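Visitor: below is the sequence, then the predicted model.
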Amino acid sequence: MKDSKVGTKAVWAGEKDYLVHGATQVPVVLSVAYGYDDMDEWYDVAVGKKKGHIYGRNTNPTVQSFEDKVKILEGAESATSFSTGMAAISNTLSTFLVPGDRIVSIKDTYGGTNKIFTEFLPRQQVEVVLCDTGDHEQMLKEVAKGCKILYLESPTNPTVKITDIERMAKAGKEVGALVIVDNTFATPLNQNPLSLGADLVLHSATKFLGGHADALGGVICGPEELIEKIYHYREINGATMDPMAAYLMLRGMKTLHLRVRQQCENAMALAKYLQTEELVEGVYYPGLETHPNHDIAKKQMKDFGGMLSFAVKGGVDTVRNLLPKLQYANRAANLGAVETTVGPARTTSHVECTPEERAAMGIPEGLIRVSCGIEEIEDIIADFEQAFNFIKENELC
Ligand SMILES: *Cc1c(COP(=O)(O)O)cnc(C)c1O
């Protein structure tokens, strides 16, 4: 297993220890508690001297199998999981931050993460410094002043900006910061932040890992010593992953490499097609040579991911007319699913901002985010073509 390719690991890893009765699939253990007749054994498990389970808020075999699979895909020593991606982020930050600490991050983190930075951490007397995403000089300057945590996300939502993880992780280490990377957009197949020097890597498992938009979850991987602390915070505070969700994640992850491979291929082809469409003003995809940090993306990613965005001429009005014409796309807020999913940035990732704030962040009102699905790309391109033609024929922009 150790030397096998990542796709083989996605299918097999993390399951063997949890199979029972000769079953070939990991069982969903819904039991909340675990019984012991031997009081000494119960005690030993309860205090962590012996392996085993006590109570579902702490550990569960189905959930552990999920954690093991992700840990192996990220090349990590250990992993712990959560009810959602946001729980992974908030619990991790709360595990390490105390009043007076300083955290450096970027302006384009996921909307919920940005809310933690701007709304919740300041009221706990944590100083939050948010740099312009992709401005490495500014980030290096802020990190050099010292910080407890350097928090990164790459690529970002919705304009898929890229941060040089290796360069920033090195700078973070020099000041003793804990370097955390949200790897949701890239997936463990395309990017492994731990091998680039990060201390911790996390995912909203709701997205590509699960892949079917039918279960919520989060997971964080890293060295045992750090994961132990995060696990302890989570087991007490209670944002535990549901065993049924863990099962859906395990099942989803068996096809992770097939799905993501197709999603990357579709994203590249769709991005190239969109560049030729006269109603499109700009296409954002790290796989395009026109992307400002394409070189960094090429260096740290195996492939460029299934997420892209593009801006249309005519702004919101064009968006309003264009998106309902698409046959093969859900108009929804999630991403990473097998179906292509589209949404305006002003409604999805940056709904909390004013138009002025969005403009300041370089997010045009006519920006559309696309999470490419696994459909046949010819159909997806034809679908976009007919939608654009409808707009042009009816002079709707
Ligand atoms: C969705 C998402 C999250 C939050 O995950 P939930 O499972 O919705 O709580 C965090 N980071 C990124 C990049 C995301 O896309």
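Guide: In hand now; what should we look at? Worth saying up front: this structure is predicted, and the values here are computed from it rather than measured.

Visitor: show the end-to-end separation of stretch 309-329, please.
Guide: End-to-end distance for stretch 309-329, by CA to CA, to the nearest Å: 14 Å.

Visitor: please see if that stretch touches the ligand.
Guide: No - shown here: stretch 309-329 not in contact with the ligand (CB under 6 Å from any ligand atom), separated by at least 13.2 Å. C-beta here means a position set from N, CA and C on the backbone, and glycine is covered the same way.

Visitor: what residues of that stretch count as buried?
Guide: For stretch 309-329, a neighbour-count test (16 or more other CB atoms under 10 Å) marks 309-312, 314-316, 318-319, 321-323, 325-326, 329 as buried.

Visitor: identify the residues contacting whatever residue of the stretch 1-150 of the chain ends up closest to the ligand.
Guide: Closest to the ligand within the stretch 1-150 of the chain is Gly85: 2.3 Å, counting by CB to the nearest ligand atom. Residues near Gly85 by CB atoms under 8 Å, 6 or more residues apart in numbering: Tyr110, Gly112, Thr184, Leu202, His203, Ser204, Ala205, Thr206, Lys207, Leu216, Gly217, Gly218.

Visitor: how much space separates the residue most central in space within the chain from Glu375?
Guide: Taking CA atoms, centre = their mean, the centroid of the chain lies closest to Thr184, which sits 1.6 Å from it. To Glu375, Thr184 is 21 Å away according to CB to CB, to the nearest Å.

Visitor: for Ala215, same thing?
Guide: Separation of Ala215 from Glu375 (CB to CB): 21 Å.

Visitor: over to Ala332?
Guide: Computed as CB to CB, the Ala332 to Glu375 distance reads 16 Å.

Visitor: so what's the residue count around Val45?
Guide: Val45 has 18 neighbours, counted by other CB atoms under 10 Å.

Visitor: thinking it is in contact with Thr59, fair?
Guide: No - with contact defined as CB atoms under 8 Å, Val45 does not reach Thr59; the gap is 9.8 Å.

Visitor: joint contacts of these two?
Guide: Listed as contacting both Val45 and Thr59 by CB under 8 Å, 6+ apart are His53.

Visitor: ok, back up a step: between Ala215 and Glu375, which has more neighbouring residues?
Guide: Ala215 (20 against 17).

Visitor: which element is that one on?
Guide: Assigned by DSSP states H and E, Ala215 falls within no helix or strand.
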